[in-house]
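> just coords:
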């Protein structure tokens, strides 16, 4: 990464590096406070979600609202609760963005260098392009059917043993940086590239997994106080960075707080200065930055912004298959976590976006 792009000065770099040798103390339980806004509107939205009054929403497992870091609303569906882990699906992409940022802060990763894990890569095929989904590889995410989806084939088919190698073998379809193309494989490859830089001499799969799992725990989960979080790995020892983190709603909320607070936790910088701005800066698509979805006016073509152009336009989100969302709204000092099980189609996401807008609109700034 070019440091001038993200304003990583010596002080910020030293601060980020200082976190590498120690484990920051786990934070205390999240504080609670009354909801600032129209609590009756939020409560009604939740009751609608679990009553079946809005069936397109599917099953709602959790709704958590943090305002200024305090829990102001927390509800769970059947068989869920504060300590129940839920699969992230593609919200894991946002975690991979954070992990790469920590590597950048440590000075071991340059996101503008050609990838080391791709044979004869295009010079423009870099970690930056993987993170903003403009890698240009011939990847077809499609509808997750095995016969049409590279994501399904990577996770459950021929690529399941080494998802990064499966992705790295893709042809370069277009010049990097010229096309937005949603790709779970891009983040699997990004996770493998990060691991290769962090642990260049560790090649045996079990050892790679142990090294990376320990690093993720020490450098991200522990500093945030994420006591329930688990990262999943494939058989090659690579973090499944496009789709598999398990955590409670509260811990997903803690992760959202990291980005609401511009990469800091407890007043200490965890992500390099400018890294959250990178996440929130659109490139080819106006609704995607790097590892996060952005709000924007309604688009003439897919993909659409989560809140369907209703704003707040400073909001940005981690999103996962079947309706998982960590929605960060700096102007409302809020993070909203929604977990559930819905269809993964435009109609369901439009319904979820409208429902979330009702919730967000009820929150005071």
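Received, thanks. Only a predicted model underlies this, so the values are computations on that prediction, with no experimental measurement involved.

> for residue 299, what are its contacts?
Taking Cβ atoms under 8 Å, 6 or more residues apart in numbering, we find residue 299 in contact with 286, 287, 305. Bear in mind the C-beta positions are built from the backbone N, C-alpha and C, glycine included.

> May I have the residues that are in contact with the nearest residue to residue 254 once chain neighbours are set aside?
Closest residue to residue 254 apart from its sequence neighbours, by Cβ to Cβ, 6 or more residues apart in numbering: residue 224 at 4.7 Å. By Cβ under 8 Å, 6+ apart, the contact list for residue 224 reads 27, 251, 254, 255, 257, 258, 265, 270.

> With secondary structure, distance to residue 219 and pLDDT added, can I get those residues in a markdown table?
Formatted as a markdown table, those follow (DSSP: H, G, I helix; E, B strand; the rest coil; distance: Cβ to Cβ, whole Å; pLDDT from 0 to 100):
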| residue | secondary structure | distance to residue 219 | pLDDT |
| --- | --- | --- | --- |
| 27 | coil | 15 | 43 |
| 251 | helix | 15 | 98 |
| 254 | helix | 14 | 98 |
| 255 | helix | 13 | 98 |
| 257 | helix | 17 | 98 |
| 258 | helix | 12 | 98 |
| 265 | strand | 12 | 97 |
| 270 | coil | 8 | 98 |
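
> for whichever strand or helix holds residue 212, which positions count as buried?
Counting by DSSP states H and E, the element that carries residue 212 is helix 205-216. In terms of neighbour count (16 or more other Cβ atoms under 10 Å), helix 205-216 has its buried residues at 205, 208, 209, 211, 212, 213, 215, 216.

> what pLDDT, on average, does that helix get?
Summarised as a single mean, pLDDT over helix 205-216 is 98.

> Could you report the distance from residue 46 to residue 61?
In this view, residue 46 and residue 61 are 12 Å apart by Cβ to Cβ, to the nearest Å.

> Run through the helices of this protein in chain order.
Remark: helices assigned in the chain by DSSP state H are 3-6, 10-18, 39-51, 92-105, 127-131, 150-156, 163-168, 184-198, 205-216, 222-224, 249-260, 275-279, 346-361.

> Compile those helices into JSON lines and extend it with columns for distance to residue 32.
Formatted as JSON lines, those follow (distance: least, Cβ to Cβ, whole Å):
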{"stretch": "helix 3-6", "distance to residue 32": "35"}
{"stretch": "helix 10-18", "distance to residue 32": "30"}
{"stretch": "helix 39-51", "distance to residue 32": "13"}
{"stretch": "helix 92-105", "distance to residue 32": "25"}
{"stretch": "helix 127-131", "distance to residue 32": "35"}
{"stretch": "helix 150-156", "distance to residue 32": "37"}
{"stretch": "helix 163-168", "distance to residue 32": "40"}
{"stretch": "helix 184-198", "distance to residue 32": "34"}
{"stretch": "helix 205-216", "distance to residue 32": "28"}
{"stretch": "helix 222-224", "distance to residue 32": "18"}
{"stretch": "helix 249-260", "distance to residue 32": "11"}
{"stretch": "helix 275-279", "distance to residue 32": "26"}
{"stretch": "helix 346-361", "distance to residue 32": "18"}
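
> Report the contact partners of the residue nearest the centre of the chain.
Ranked by distance to the mean C-alpha position of the chain (Cα atoms, centre = their mean), the top residue is residue 94 at 1.9 Å. Residues in contact with residue 94 (Cβ under 8 Å, 6+ apart) are 255, 259, 279, 291, 292, 318, 326.

> Spit out the contact partners of the nearest residue to it once chain neighbours are set aside.
Nearest residue to residue 94, sequence neighbours excluded (Cβ to Cβ, 6+ apart): residue 318, at 3.7 Å. Counting by Cβ under 8 Å, 6+ apart, residue 318 makes contact with 88, 90-91, 93-95, 255-256, 291-293, 324-326.

> so which of those would you say is closest to residue 143?
residue 90 (14.2 Å; Cβ to Cβ).

> residues touching the closest one, list them.
Under the criterion of Cβ under 8 Å, 6+ apart, the neighbours of residue 90 are 184, 242, 243, 318, 319, 320, 321, 324.
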